[in-house]
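K.L.:
Return a 3D structure for these sequence lines:
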Amino acid sequence: MFLAFKLMRSLSALMISVALLMLSNSLCSTLLALRGKIEGYSNEFIGLTMSVYFIGFCIGTFRSGPLINRVGHIRSFAAFGAITSACTLCFVLIIHPWAWLITRLVMGASIAGMFVVAESWLNNRASNKARGTVLAIYIMIGYLAAAIGQQALPWADPAEANLFLLVAICLSLAVVPVSLTHATHPDPVPSPRLDVRRLLFTSPAAVTGCFAAGLAIGALWGLGPIYARDIGLSVNQVAMFMSVALVGGLLFQLPIGRLSDRLDRRSVLLGTTLLGGLIAIGLALGPALSFPALLGAIFLYYGFTSTLYPLSLAYANDYLEHDDVVTMGSGFVLAFSVGAALGPIGASLTMRWTGPSGLFLFEILVASSLTLFTLWRMRVRMWAGIMEKDPYVVLPDAHAPVIVSELDPRASVNENYDTGADTLVTSDTGLTDVNVETTSAEFLKADGARSTDVSEEPSA
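P.N.:
Next up is the predicted model:
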């Protein structure tokens, strides 16, 4: 713990930059949704702006590495920050649907680039002993900054330019600490090679869990502010609604994670999905709830939903080989990003047909589908044992960093791993044994005791 805090102190400039970035990004997402409503844009278009953001985010995650390696981390961070700040100003300078979509796409890619710089820097400086604590502190800073960012909404009218100027100022200031730091530069950013077919065979439940998490979280962050406004909440209440959701996401990580380290992770995944779905039923009745009840419901809902992504990754990690942790994790980023891009579109269409409650009707549909799939996977594959599991690691949500798998302590611990092939068996319908030599993973890692564990691998 002492080593971790000593490291974080030496990287205080980077942490300040990350906090300002998270604060700005969180505020901008909600602000754009509210401003889009004011400009008369449809819910479908507002959902689409969040979708293209995640498309850009995914592009930036995979394509920013070569640029960073070519010009350096500090210059790259400054360049990405300048682009992001300029994009924020473009939203009020050019109020046109196509301009917003293009700008949001570019903004997503540049923000992803900033996160790649920050996380590769942390990964380079963190030792194996301190890596897990460093990651937890890093994610905590991100969640808290994002929650604080929401509280800036009441400071000005979303119909004016002031809040956009505030976002641009914070993004510009985020570049300053990194630009002036004397900290050691990190190593080159790796460019993982993704084998989608192998990924799907290795851990279908984990891939599905990441995809479902993207659907649910992308929909909530894209259209949550619209839902809140449509049920009659003021701007102040919208800010509180979104902030409380983030606080729930932060506080639920460790308790759920500790539970998954002791039980079958699929059972924990199933339980959190079911509970989230049940709470979503209450949120679908939003207008009938008092404001305190609404805050309690969104706190619980996002608390459970925010754990789906790290739970899925932890489950898959139990089946991946040591050398695959960084490479194959890119596939889980891709699964989450695809879900996050589709979620706002699906939710906006549901809201068009059913009104504000459509957002959480969509969330109920996602939770129900993931529940059924998880039950099927539990039926076709046996749970391993507690001794074969890797520890749960707190990971970010949609507003947090993108390559935290490099910080995942499971990606760096040297242990002896069984090299035997994993097997996918589809129950009585008999897809035969498929040998999977896990060789890719960004957020994942295999445990030294070999598979049939709680994470999900080829046979489940």
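
K.L.:
For Gly36, grab the count of nearby residues.
P.N.:
Summarising burial for Gly36: neighbours were counted as other Cβ atoms under 10 Å, giving 25. C-betas here are computed from N, CA, C, even on glycine.

K.L.:
Is the closest residue to it other than its chain neighbours within a helix or a strand, and which one?
P.N.:
Spatial nearest neighbour of Gly36, excluding adjacent residues (Cβ to Cβ, 6 or more residues apart in numbering): Ile46 at 4.4 Å. Of the helices and strands defined by DSSP states H and E, Ile46 is found in helix 43-71.

K.L.:
Which parts of that helix count as buried, going by neighbours?
P.N.:
Of the residues in helix 43-71, those scored as buried under the neighbour-count criterion (16 or more other Cβ atoms under 10 Å) are 43, 46-62, 64-65, 67-69.

K.L.:
got the buried residues for stretch 368-375?
P.N.:
By 16+ other Cβ under 10 Å, the buried positions in stretch 368-375 come out as Ser369, Leu370, Thr371, Phe373, Thr374.

K.L.:
how about those residues in CSV, adding secondary structure?
P.N.:
As requested, the buried residues of stretch 368-375 are arranged in CSV below (DSSP: H, G, I helix; E, B strand; the rest coil):
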residue, secondary structure
Ser369, helix
Leu370, helix
Thr371, helix
Phe373, helix
Thr374, helix
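
K.L.:
mind putting these in JSON lines, distance to Gly36 included?
P.N.:
Output for the buried residues of stretch 368-375, formatted as JSON lines (distance: Cβ to Cβ, whole Å):
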{"residue": "Ser369", "distance to Gly36": "28"}
{"residue": "Leu370", "distance to Gly36": "29"}
{"residue": "Thr371", "distance to Gly36": "32"}
{"residue": "Phe373", "distance to Gly36": "33"}
{"residue": "Thr374", "distance to Gly36": "35"}
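
K.L.:
where in this protein is pLDDT low?
P.N.:
Residue ranges of the chain with pLDDT under 70: 1-10, 126-133, 183-196, 319-329, 381-460.

K.L.:
and Leu289, what does it touch?
P.N.:
For Leu289, the residues meeting the contact criterion (Cβ atoms under 8 Å, 6 or more residues apart in numbering) are Gly282, Leu283, Ala297.

K.L.:
In helices, which of the residues you listed fall?
P.N.:
In this view, the contacts of Leu289 that belong to helices under DSSP state H are Gly282, Leu283, Ala297.

K.L.:
Check the burial of the residue lying closest to Gly277 once chain neighbours are set aside by counting its neighbours.
P.N.:
Once flanking residues are discounted, Gly277 sits nearest to Ala367: 3.2 Å by Cβ to Cβ, 6+ apart. Other residues lying near Ala367 total 28 when counted by other Cβ under 10 Å.

K.L.:
Name the nearest residue to Ile279, ignoring sequence neighbours.
P.N.:
Counting by Cβ to Cβ, 6+ apart, Ile279 lies nearest to Tyr301, which is 4.4 Å off, once chain neighbours are set aside.

K.L.:
wait, I meant Leu251
P.N.:
By the measure of Cβ to Cβ, 6+ apart, the closest residue to Leu251 outside its immediate chain neighbours is Gly303, 6.4 Å from it.

K.L.:
Return the distance of Val244 relative to Val238.
P.N.:
Using Cβ to Cβ, to the nearest Å, one gets 11 Å for the distance from Val244 to Val238.

K.L.:
between those two, what contacts are shared?
P.N.:
Looking at what touches both Val244 and Val238 (by Cβ under 8 Å, 6+ apart), there is no common residue.

K.L.:
returning to that earlier point: any idea which element the residue nearest to Ile279 lies in?
P.N.:
Counting by DSSP H and E, Tyr301 is found in helix 291-305.

K.L.:
what do you get for Trp353?
P.N.:
Once you assign secondary structure using DSSP H and E, Trp353 falls within helix 325-354.

K.L.:
Equivalent analysis for Ser312, please.
P.N.:
helix 308-317.

K.L.:
what packs against that helix?
P.N.:
When contacts are defined as 3 or more Cβ pairs under 8 Å, 6 or more residues apart in numbering; DSSP states H and E, helix 308-317 packs onto helix 204-230, helix 235-262, helix 265-283, helix 325-354.

K.L.:
okay, these, which one's buried deepest?
P.N.:
Among the helices and strands packed on helix 308-317, judged by mean count of other Cβ atoms under 10 Å, the one packed with the most neighbours on average is helix 204-230 (a mean of 27).

K.L.:
the inter-axis angle of it versus helix 265-283?
P.N.:
Regarding helix 204-230 and helix 265-283, their directions subtend 20 degrees when assessed with axes from the mean of the first three to the mean of the last three Cα atoms, to 10 degrees.

K.L.:
next one: helix 204-230 to chain centre, how far?
P.N.:
With Cα atoms, centre = their mean, to the nearest Å as the basis, the distance from the averaged C-alpha position of helix 204-230 to the chain average is 10 Å.

K.L.:
circling back: check the ones in helices among the contacts of Leu289 against Leu89 and report the nearest one.
P.N.:
Distances from the ones in helices among the contacts of Leu289 to Leu89 were compared by Cβ to Cβ; the smallest belongs to Leu283, at 34.3 Å.

K.L.:
Please report how far that closest one lies from Phe252.
P.N.:
For Leu283, the distance to Phe252 equals 16 Å [Cβ to Cβ].

K.L.:
List phi and psi for Leu233.
P.N.:
The phi and psi values for Leu233, taken as degrees, to the nearest 10, are phi -80, psi 150.

K.L.:
from memory it sits against Ala239, does it?
P.N.:
No: between Leu233 and Ala239 no contact is recorded; they are 9.4 Å apart, counting by Cβ atoms under 8 Å.

K.L.:
quick one: contacts for Ile46?
P.N.:
If a contact means Cβ under 8 Å, 6+ apart, then Ile46 has Leu32, Ala33, Gly36, Lys37, Gly222, Leu223, Ile226, Pro344, Ser348 as its contacts.

K.L.:
nope, Phe362 is what I was after
P.N.:
For Phe362, the contacting residues are Ala219, Gly343, Gly346, Ala347, Thr350, Met351, by Cβ under 8 Å, 6+ apart.

K.L.:
ok, which pair from those is furthest apart?
P.N.:
Considering Cβ to Cβ, no two members of those lie farther apart than Gly343 and Met351, which are separated by 12.2 Å.

K.L.:
quick one, what contacts Thr103?
P.N.:
Under the contact definition (Cβ under 8 Å, 6+ apart), the residues listed for Thr103 are Cys87, Cys90, Phe91, Ile94.

K.L.:
Out of the residues you listed, which is nearest to Thr181?
P.N.:
The shortest separation between Thr181 and any of the contacts of Thr103 is 24.4 Å, and it belongs to Cys87 (by Cβ to Cβ).

K.L.:
Could you identify the helix or strand that succeeds the strand or helix carrying the closest one?
P.N.:
Assigned by DSSP H and E, Cys87 belongs to helix 73-93. Beyond helix 73-93 in the direction of the C-terminus, DSSP H and E gives the next helix or strand as helix 97-125.
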